[in-house]
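Asks: what's the 3D shape of this:
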Amino acid sequence: MLSEDNLELIKSQIESNYNATEEPIINELRGFAKKIKQNIKVLRPYTSTAVSFVSADGGNNYIKFSPCILELVRVVDSRGVQCAIDPIFGNSDLNALNERVNKIKPLKRLCNDLGINKLSDISYLLSDFGQTEKTNGAVKIYRDIVEWAILYDFLFNDWGNNTIIIREGLLRTKSIKYSLFPILDKKIKEKCIEHKQKNNINVNVVGVAKESAVISRLSLALAIENVFKLPYPCYVNVPDEVEQYCYNYDRTWFNTVEDISSDNENQRYASMGKLFLVKFGDSPYDPVWPVDIAVWDLENAEMILGQLLHDAILGFPIPDFPLSIQNAHWHAKINGIEVELLEDMLIKAIGKTLTESERESIYRVKYLHKNLTEARYKNA
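Replies: Numbering: from 1, shown residues only. The predicted structure follows:
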């Protein structure tokens, strides 16, 4: 236990060290917060159709029966439509992964339009498939690529009126090669423009995240300066210098096509969005969310954010957060019973070529271990 003398010593050292190292940083961040505060704008709702899509959380559909590891990559939209489903084993290699192109239609369309034949050509990070200790990370990359394929596929739908397609997460990625990302960027932009020209409707792409390095880094400064302490929904475009200060990533994370000089083909970028901080609620203490708006749509930022506001007003169970994202999560989630069913399917697949006695041994391993574990903690 710390004595009173120790507490006093620690207190003085904390204050001294804070003044020397932390206060200068906080003062710099407060300067950024003041700059942001000068450009805060009121946000008003605009009606439109909002559709979102999300993957079932990898942590909730992870089945391990060593040495077999099974993950269910499943993407469902806010209407309850299943967009993609793929059970994938941790021991899968690149050949098994490449077969997915012909099994999942949005992936096939994405690869065809990017000019590649194999899914493994879309990302260097997929090369970890088949390396057991790295496969979990590779599956996350695969899941992200599937989500981008769904986003791209949505743009080929015939939307009857103004529509926002919401990606959960920002409009930037490290999952796609730098040589391919500009092609995807261009094709998404072209499809959005095509809807306007052919059908006279706006189809906009937007990314909404639940956290970002900018909010994390600036949260204290934003609070001290009362930047969003306003009794109405509001938003602000984050200056590039502020965003770059807050991220540890290289510039490709913030660079968009507009940041690349036409005379330098070697410059790379991994983003098609510019960051906004948005408060959808009308309370001074409502949460602030990071939102990416496509660079070609910046002149329509007020309308697009207003459409998000219209969707967020009815947000539940998270208030003042886009309802379409929450609906997609509700449809995509895998519950406990379904996980049990997946586990039984895996065990049946393992036992399909085994004898009756061998199959009994498998179930004994499963249920005996489970019962012993439950009993241990029940009696603890």
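
Asks: can we go C-alpha only for contacts and neighbour counts from here?
Replies: Fine.

Asks: what does the domain assignment say about this structure?
Replies: 49-259+267-332, 336-378 (automatic domain parsing).

Asks: helices of the stretch 201-350 of the chain, start to end?
Replies: 213-224, 240-246, 301-312, 323-332, 336-351 (DSSP state H, counting those that start in this stretch).

Asks: distance between the shortest one and the chain's centre?
Replies: From the chain centre to the centre of helix 240-246 is a distance of 20 Å (CA atoms, centre = their mean, to the nearest Å).

Asks: list the contacts of it.
Replies: Contacts to helix 240-246, defined as CA atoms under 8 Å, 6 or more residues apart in numbering, come from residues 32, 213-214, 217-218, 251, 254.

Asks: can we see that at 10 Å?
Replies: 29, 31-33, 35-36, 212-218, 250-251, 253-255, 274-275 (CA atoms under 10 Å, 6 or more residues apart in numbering).

Asks: in the longest strand seen in the chain, what counts as buried?
Replies: Counting residues, the longest strand found in the chain (DSSP state E) is strand 68-77. Neighbour-count burial for strand 68-77 flags 69-77 (criterion: 16 or more other CA atoms under 10 Å).

Asks: go on, stretch 282-301?
Replies: Applying 16+ other CA under 10 Å to stretch 282-301 flags 282, 286, 288-297, 301 as buried.

Asks: could you do stretch 38-50 as well?
Replies: For stretch 38-50, burial by neighbour count (16+ other CA under 10 Å) applies to 40, 43-45, 48-50.

Asks: picking that back up, mean pLDDT lowest where, among the domains of the chain?
Replies: Lowest mean pLDDT within the domains of the chain: domain 336-378, at a mean of 73.

Asks: before we move on, back to that, ok, so of the buried residues of stretch 38-50, who is nearest E15?
Replies: E15 lies nearest to I40 out of those, by CA to CA, at 33.5 Å.

Asks: nearest residue to the closest one in space, please, no chain neighbours.
Replies: V236 (4.9 Å; CA to CA, 6 or more residues apart in numbering).

Asks: just H195 next, same as before
Replies: I201 (6.0 Å).

Asks: and that neighbour, how many neighbours does it have?
Replies: 17 (other CA atoms under 10 Å).

Asks: next one: L2
Replies: 8.

Asks: nearest spatial neighbour of I260, skipping sequence neighbours?
Replies: The spatially closest residue to I260, leaving aside those adjacent along the chain, is Q267, at 6.4 Å (CA to CA, 6+ apart).

Asks: near W253, how many other residues are there?
Replies: The burial count for W253: 21, using other CA under 10 Å.

Asks: OK, contacts around the residue nearest to it when sequence neighbours are not counted?
Replies: Among residues not flanking W253 along the chain, A270 sits closest, at 5.5 Å (CA to CA, 6+ apart). By CA under 10 Å, 6+ apart, A270 lies in contact with 171-182, 185, 251-257.

Asks: try it again at 7 Å.
Replies: 172-174, 178, 181, 252-253, 255-256 (CA atoms under 7 Å, 6 or more residues apart in numbering).

Asks: so which of those comes closest to N17?
Replies: Out of these, the member with the shortest distance to N17 (by CA to CA) is W253, at 32.9 Å.

Asks: check contacts around that closest one.
Replies: W253 neighbours (CA under 7 Å, 6+ apart): 172, 269-271.

Asks: ok, now V73?
Replies: V73 sits next to 55-56, 85-87, 143 when contact means CA under 7 Å, 6+ apart.

Asks: if we use 8 Å, what do you get?
Replies: 55-56, 58, 84-88, 143.

Asks: Y142 now?
Replies: L126.

Asks: distance of it relative to E15?
Replies: Going from Y142 to E15 by CA to CA, to the nearest Å gives 47 Å.

Asks: who wins for proximity to E22 among the domains of the chain?
Replies: domain 49-259+267-332 (12.0 Å).

Asks: so where do the strands sit in the stretch 151-300 of the chain?
Replies: 163-168, 203-208, 234-237, 273-279, 289-294 (DSSP state E, counting those that start in this stretch).

Asks: dump the ones you listed to TSV, plus distance to L314.
Replies: Output for these, formatted as TSV (distance: least, CA to CA, whole Å):
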stretch	distance to L314
strand 163-168	16
strand 203-208	16
strand 234-237	17
strand 273-279	14
strand 289-294	16
